[in-house]
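>>> quick one, what's the 3D model for this:
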Amino acid sequence: MKPNTPTRGSQRTEHPSLVTRVYPKAIGFSQIGLFVLAMLYSIYLVRPFLLPVILALLLAMVLNPVANGLQKLTRLPSPLTALAVLIVFCGVAGTGLYYTSYPASEYADKLREELVQNRLRSVFAPISELHEEIKTVAEEVETLAGDKKPEPVGDAAPTAPGLEKLEITIEPTAGIPQSSGANGTNPAIAQPVQVEIRESRVDVVYTLAQDFMLHLTLTLIICYFLLAFGNQMIRRMAENRTAKHLIHDISRDVSGYLLTVTLINIGLGICIGLALWLLGIPNPLLWGAMAALLNFIPYIGAIAGTAIIFLVAATNTSSTALLIGAPAAYYLLTALEGNIVTPAIIGKRFTINPIVVFLWVLAWGALWGIPGMLIGLPLLMIFRIIVDSVPALSGVNRVISS
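Numbers count the residues shown, from 1 in each chain. Here you go, the predicted model:
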């Protein structure tokens, strides 16, 4: 006897419900989101360890072509060539720092002069007046709305920014009169005392200098080992020939890019220094070095440098032509470098979507501050070269490419 089989009319096709289809995807996205948050938090916490490593890696990639060329030329062992290249680099960097530190300190002293302060006040007087007018209108609106709170007086007055209030109540001790006040207590003793805790500036400077020297020492040591033994380590990392060539190509492209961008930024700094010198701005060497360093930060670096040159021009002269010409020359040279020179030298292979660049630099700035913004673009370009060389990451390459 055959089992009962359903007729054609009674057959039904079961489709998965919306919840069944969406729920696994939502779980997957939530897991990815939690992983990204955990990774960002970990990067923020391990900054004291990871920052010297990344700086040493970037510096080693810049100096690696120089070390390889010196090794081929002199036939010296790689540890000796790495030491020689690092000593020359430290000498050049130290010399530049020495010749720019004095103008920087001189400019800081100049900002304290009364003439300079009056000149800056006259420059920013329209902005100050506009701010006062906006503040007056806002206070009138709050008064009309009835939402304005009374300003605190006496003990309720706020403390200065960066200070903490600590209330200390001194308890009466034996031998001190207990009923000298109207309510049976001694008002001179029972009243809380507000203490402002201020951190010494000397301690702050000492801590910053100590952290800087520690990071600098670790960076140089790690950079030396990468220059001396990095190529040997890369050769041993890959077991098959395909992976070996892939790692070698990525390392070569990254080193070439970083060295090229560094030379472009140095050239930009020289051009900006010469332009400011022709315009009569003092200490052009300092501002050229600043421009070369800030140019590692895309978009934000050019804006910050232009604002600084505007302040420098306002500090040194009251001429309207120089006040406009100096920051305009700075911004024009950075715009020419970013839109004509760099694309013509590097090519389209290293171009990235501007939105990705801006968000990436902001993210690293939020995590590590100014050091994060400085290393953000080189790290993004390294990531761009890696995804361009690995076929499995072609989807990511399409997203971040311009």
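>>> so which bits of stretch 73-86 are buried?
For stretch 73-86, the neighbour count (16 or more other C-beta atoms under 10 Å) marks 78, 81-86 as buried. All C-beta atoms are positioned from the backbone trio N, CA, C, and that covers glycine.
>>> what's in contact with that stretch?
Residues outside stretch 73-86 that contact it (C-beta atoms under 8 Å, 6 or more residues apart in numbering) are 63, 66-67, 70-71, 220, 223-224, 227-229, 231-232.
>>> apply 10 Å and report the result again.
By C-beta atoms under 10 Å, 6 or more residues apart in numbering, the residues outside stretch 73-86 that reach it are 59-60, 63-64, 66-72, 220-221, 223-232.
>>> tell me which of these fall in helices.
59-60, 63-64, 66-72, 220-221, 223-232 (DSSP state H).
>>> the buried residues of stretch 73-86 into TSV, with extra columns for pLDDT?
Shown next, in TSV, are the buried residues of stretch 73-86 (pLDDT from 0 to 100):
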residue	pLDDT
Ser78	87
Thr81	91
Ala82	90
Leu83	91
Ala84	92
Val85	91
Leu86	92
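>>> biggest separation within those, which pair?
The span of these, defined through C-beta to C-beta, is set by Ser78 and Leu86 at 12.1 Å.
>>> do a quick rundown of the helices in the stretch 151-300 of the chain.
187-190, 201-237, 241-279, 284-294, 300-316 (DSSP state H, counting those that start in this stretch).
>>> deepest-packed of those, please.
helix 284-294 (a mean of 22; mean count of other C-beta atoms under 10 Å).
>>> that older thread, in JSON lines: the buried residues of stretch 73-86, plus secondary structure and distance to Pro378.
Formatted as JSON lines, these follow (DSSP: H, G, I helix; E, B strand; the rest coil; distance: C-beta to C-beta, whole Å):
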{"residue": "Ser78", "secondary structure": "helix", "distance to Pro378": "24"}
{"residue": "Thr81", "secondary structure": "helix", "distance to Pro378": "23"}
{"residue": "Ala82", "secondary structure": "helix", "distance to Pro378": "21"}
{"residue": "Leu83", "secondary structure": "helix", "distance to Pro378": "24"}
{"residue": "Ala84", "secondary structure": "helix", "distance to Pro378": "24"}
{"residue": "Val85", "secondary structure": "helix", "distance to Pro378": "19"}
{"residue": "Leu86", "secondary structure": "helix", "distance to Pro378": "19"}
